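Chemist: How does the following fold in three dimensions:
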Amino acid sequence: MNRSTVSIGRAGEQAACELLARQGFTILERNWRTKYCEIDIIASHESVMWFIEVKYRKTDAYGDGLAYIGPAKLQHMQRAAQLWVNIHNYPGEYTLGAIAVSGNSLAGDLIEL
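Modeler: Okay, here's the model as predicted:
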């Protein structure tokens, strides 16, 4: 991955965090990683923990970023969330979400998966 790809990805994640903050979410962690998995954003909102994947696309010409979350990625996200819950002994409710960020404006919307 080249430097511009990394910086674009970080800008997309920053835009996603700003969107979540405007919606009243508290960002707890960004880019949580283990040797087995990663989660882009971990946030809480109204007593629910959210594990959020951020997908950036420059254009929606071939579908937005959500089109790239297939069964394998969803399974990976579920395992990563469960691992975080187990490591942190989190007893509450949690859900998976995704934000597709696109274009130069870095606009996006959160959806629950």
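
Chemist: Am I right that Cys17 is in contact with Ile41?
Modeler: Yes: in this structure Cys17 lies within contact range of Ile41 using C-beta atoms under 8 Å: 6.3 Å. (Each C-beta comes from the backbone N, C-alpha and C, glycine too.)

Chemist: ok, these two, which is more surrounded?
Modeler: Neighbours were counted for Cys17 and for Ile41 using other C-beta atoms under 10 Å; Ile41 has more, 23 against 19.

Chemist: Next, the buried residues of the longest helix seen in the chain.
Modeler: Among the segments of the chain that qualify as a helix by DSSP state H, the longest is helix 3-22. The neighbour-count check on helix 3-22 (16 or more other C-beta atoms under 10 Å) flags 9, 12-13, 15-17, 19-20 as buried.

Chemist: One more: stretch 39-59?
Modeler: In terms of neighbour count (16+ other C-beta under 10 Å), stretch 39-59 has its buried residues at 39-44, 49-57.

Chemist: Those in strands, which ones?
Modeler: Counting by DSSP state E, the part of these found in strands is 39-44, 49-57.
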